[in-house]
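Q: Everything below, folded, please.
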Amino acid sequence: DASQTQAPTRVPGWLTTASDHMIEIWRSGFNGVPSADGSQFAELNANEVSTLYQDLPTTPGSTLYWRLYHRGRLGQDTMALDIGAPGSPVEQQRFTDGTTAWGFYTGTYTVPAGQTTTRFSFRSVSAAGGNRSVGNFLDGIFFGTAPFVELTKSAIPAGPLEVGDVITYRVTAKNEGGGAAENLVLTDD
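A: Sure, this is the predicted structure:
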């Protein structure tokens, strides 16, 4: 219920390069650190410098969107976002943040031809204080396709109408894409 080191089986979908295979999860507010999103967050260096990652099925040619929050634990911590084929992900960007606020980052990745599995990984580059088991907080991770909102409209009653009839319109919006459809504005002509 505070900072707990977890076996990967307790953190579904995530793997680590740590030799002990442990992933550290913090509860929001533990040691005075609030989560950026939700009620918990991860520390990349559970017991040693490591990389936290997921391998996901992808469609070549598709554009994937990513976002994340990063924060230092004892000072300026640096991590890298690596994306690519398992076994050969490429560094996309480095993030350096201190202890006073979460840094928020976004970007895109286009899946190359022939790549049907893509690894998204967060690699610890450096952590303040020199302790190999401390540093690089990570939260609010998203990878996915853009939102794809389908709208359907119906009118009640349907059919021939007389002057003065009242019509009730119903518009249903359903997001069939991977990302959240945030700040969606609907108009009708």
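Q: For stretch 145-155, buried residues please.
A: Buried positions in stretch 145-155, judged by neighbour count with 16 or more other CB atoms under 10 Å: none. From N, CA and C alone the C-beta is placed, and that goes for glycine too.
Q: what about Pro34, distance to Tyr53?
A: 25 Å (CB to CB, to the nearest Å).
Q: now Asp139
A: 16 Å.
Q: Counting neighbours, go ahead and name the busier of Pro34 and Tyr53.
A: When Pro34 and Tyr53 are compared for neighbours, Tyr53 comes out ahead with 19 against 12, by other CB atoms under 10 Å.
Q: Which helix or strand contains that one?
A: Secondary-structure assignment from DSSP states H and E places Tyr53 in strand 51-57.
Q: Also Ala101?
A: Going by DSSP H and E, Ala101 is not in any helix or strand.
Q: and it, how many neighbours?
A: 11.
Q: what's the pLDDT at it?
A: Ala101 is assigned 96 on the pLDDT scale.
Q: Does it touch Arg71 like I think?
A: Yes. In this structure Ala101 lies within contact range of Arg71 using CB atoms under 8 Å: 7.2 Å.
Q: thinking Ala155 is in contact with Val166, fair?
A: No. Using CB under 8 Å, Ala155 is not in contact with Val166, being 10.7 Å away.
Q: Which neighbours do the two have in common?
A: Between them, Ala155 and Val166 share no contacting residue under CB atoms under 8 Å, 6 or more residues apart in numbering.
Q: residue ranges for the helices of the protein, please.
A: Counting by DSSP state H, the chain has no helices to list.
Q: The chain: strands as residue ranges?
A: 4-6, 15-16, 23-27, 40-43, 51-57, 63-71, 77-84, 90-97, 103-110, 117-126, 137-144, 149-156, 168-175 (DSSP state E).
Q: buried sites along the strand holding Tyr53?
A: Thr51, Leu52, Tyr53.
Q: how close does the residue nearest to the last one when sequence neighbours are not counted sit to Asp97?
A: Among residues not flanking Tyr53 along the chain, Ser121 sits closest, at 3.5 Å (CB to CB, 6 or more residues apart in numbering). For Ser121, the distance to Asp97 under the criterion CB to CB works out to 18 Å.
Q: hmm, who's touching stretch 87-95?
A: Here stretch 87-95 has contacts from 53, 68, 70, 78-84, 103, 105, 107, 109, 119-121, 123, 125, using CB under 8 Å, 6+ apart.
Q: quick one, what contacts Val33?
A: Trp26, Phe41, Arg71, Arg73, Phe137.
Q: same thing with Ser19?
A: Glu48.
Q: Relative to Thr110, how far out is Phe143?
A: 13 Å.
Q: Give me the mean pLDDT for stretch 38-46.
A: Here the average pLDDT along stretch 38-46 is 92.
Q: Okay, now the unreliable bits of the chain?
A: Residue ranges of the chain with pLDDT under 70: 1-9, 177-179, 181, 188-189.
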